[in-house]
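Trainee: Sequence first, then the predicted structure:
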Amino acid sequence: MEIAASSAEARVVYAIVDELAQRTIGHRLFTVMRYLPETVEVERLYSSNASAYPLGGRKPKQGTPWGDAVLDRGEVFIAADADGVRAAFSDHALLSDLGISAIMNIPIRFRGRVLGTMNLSHEAEHFTSEMIAPGRILAALLVPLLLERAGR
């Protein structure tokens, strides 16, 4: 497998990072969101399950503990179980229907600024702190795409 940093096909790069994340960390759902600081929302750019989580979907994150941690401080967020998912995400019922009871959100950062998030979802207790470093490396592969998108 090869990643071409200059690839004009963002969708191909997202799919490759999705596959790499599946191999290294594992997931049931993989999404990439861009951060819209002017409205404090995130907008979906990629989804491994577009019928449940279509492209272009937005979530408001202003004033949420998740937004404070991930978007403001650039911290990785892990909801380890269904209670954590329920506390952090308003769409917890849909996630539960998809068999998802744990989530790891990794900020996609460039020069200290959050450009978006890479989001992996799985069964309870799947995500561990040992998965953060490989997750950050995979998220860094998405920086050029989000910078390009921000420049539009």
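Mentor: In hand now; what should we look at?

Trainee: Run a quick neighbour tally on the nearest residue to Arg86 once chain neighbours are set aside.
Mentor: Distance criterion Cβ to Cβ, 6 or more residues apart in numbering; nearest residue to Arg86, sequence neighbours excluded, is His92 at 4.5 Å. In this view, the C-beta of every residue, glycine as well, is placed from N, C-alpha and C. The tally of other residues near His92 (other Cβ atoms under 10 Å) stands at 19.

Trainee: Next, work out how far apart His92 and Ile108 are.
Mentor: Taking Cβ to Cβ, to the nearest Å as the measure, His92 falls 23 Å from Ile108.

Trainee: Same question for Tyr35.
Mentor: 8 Å.

Trainee: can you list residues touching both of those two?
Mentor: Val114, Leu115, Gly116, Thr117 (Cβ atoms under 8 Å, 6 or more residues apart in numbering).

Trainee: Tell me who's in contact with Ala124.
Mentor: Ala80, Asp81, Ala82, Ser101, Ala102.

Trainee: And for Leu145?
Mentor: By Cβ under 8 Å, 6+ apart, the contact set of Leu145 is Ala10, Val13, Tyr14, Leu45.
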